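A.B. asks: got a sequence here, can you build the structure:
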Amino acid sequence: MMSARKTDTQQRQEQITQAALDLINDQGVSGLSIAGIARRVGIVPSALYRHFASKDAVLDAVLDLIQQRLLDNVAHVREQTQDPLQQLKRLFTRHIAMLNENRAIPHVVFSDAVYNGQPDRKAKVAQIITTYLKEVEFIIESGRQDGTLRKEVVPATSSVMFLGMIMPAVVLWNVSEGNFDMTAHINTAWPAYERSIAVQIPKEAS
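C.D. replies: The predicted model follows:
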């Protein structure tokens, strides 16, 4: 019985956290409120306080959710293939799809309203990004070791370049109300990145 109640609590917390992310997408971080989150979930504010002590606690949970989804994407591509280059390509696609489904994520990551007076939260965001970059670095280093990727590739630099293909494009897509051609970006950005890191097989050997 205890485990069933715990599961229900976790599910409600996840529902509240996603509702907060959705509310940030619609109204920005400044529009986030306990009352607004509660309305989206379909509960009264007092019920929400049984799960989170404050709006700041909800924001921290949103950051935890973002980190978990990033790491889940990494785990998923590793399960799909052992090829480091394919892992990177699939991670690129999954990352963009995640941001497409959760457009508020860049607002949370880059908004000063999230950090104001909250040095611990700013450090947490830095830790989330650093942890994700380390995972990308690990994939790149694996490719260097197995000969898939060029030896002269610097994993730390290439991991930042990997993220750089994604975040600015998503921001452009958001601020242009979807007028930025994300599909065209995906189709051209990945081949350019691949050429910069992959071992080039001579045509006569392919």
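A.B. asks: elements contacting the helix or strand of the chain with the lowest mean pLDDT?
C.D. replies: Sorting the helices and strands of the chain by mean pLDDT, DSSP states H and E puts helix 112-115 at the bottom, at a mean of 78. Helix 112-115 is packed against helix 119-146, with contacts defined by 3 or more CB pairs under 8 Å, 6 or more residues apart in numbering; DSSP states H and E. Just so you know, the C-beta spots here come from the backbone N, C-alpha and C atoms, and that holds for glycine as well.
A.B. asks: so where do the helices sit in the chain?
C.D. replies: Secondary structure of the chain, counting by DSSP state H: helices at 2-27, 34-41, 45-48, 55-80, 84-101, 105-110, 112-115, 119-146, 155-164, 167-175, 182-197.
A.B. asks: export these to JSON lines and tack on mean neighbour count?
C.D. replies: Listed next are the helices of the chain as JSON lines, based on neighbours: other CB atoms under 10 Å:
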{"stretch": "helix 2-27", "mean neighbour count": "15"}
{"stretch": "helix 34-41", "mean neighbour count": "17"}
{"stretch": "helix 45-48", "mean neighbour count": "14"}
{"stretch": "helix 55-80", "mean neighbour count": "17"}
{"stretch": "helix 84-101", "mean neighbour count": "19"}
{"stretch": "helix 105-110", "mean neighbour count": "18"}
{"stretch": "helix 112-115", "mean neighbour count": "15"}
{"stretch": "helix 119-146", "mean neighbour count": "16"}
{"stretch": "helix 155-164", "mean neighbour count": "16"}
{"stretch": "helix 167-175", "mean neighbour count": "16"}
{"stretch": "helix 182-197", "mean neighbour count": "14"}
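A.B. asks: number of residues surrounding Thr148?
C.D. replies: 19 (other CB atoms under 10 Å).
A.B. asks: give me phi/psi at it?
C.D. replies: phi -70, psi -40 (degrees, to the nearest 10).
A.B. asks: so what's Thr81 closest to, chain neighbours aside?
C.D. replies: Gln87 (5.9 Å; CB to CB, 6 or more residues apart in numbering).
A.B. asks: the one you found and Arg94, how far apart?
C.D. replies: 10 Å (CB to CB, to the nearest Å).
A.B. asks: now the common contact residues for these two.
C.D. replies: Val77 (CB atoms under 8 Å, 6 or more residues apart in numbering).
A.B. asks: give me the pLDDT for the residue positioned nearest the centre of the chain.
C.D. replies: The centre of the chain sits closest to Leu70, judged by CA atoms, centre = their mean, with a distance of 4.5 Å. What the model reports as pLDDT for Leu70 is 95.
A.B. asks: ok, now Asp83?
C.D. replies: 97.
A.B. asks: try the one 5 residues further on
C.D. replies: What the model reports as pLDDT for Leu88 is 97.
A.B. asks: residue contacts, the closest residue to it other than its chain neighbours?
C.D. replies: Spatially, and ignoring its direct neighbours in sequence, Leu88 is nearest to Ile139 (5.8 Å; CB to CB, 6+ apart). Ile139 sits next to 74, 84, 87-88, 91 when contact means CB under 8 Å, 6+ apart.
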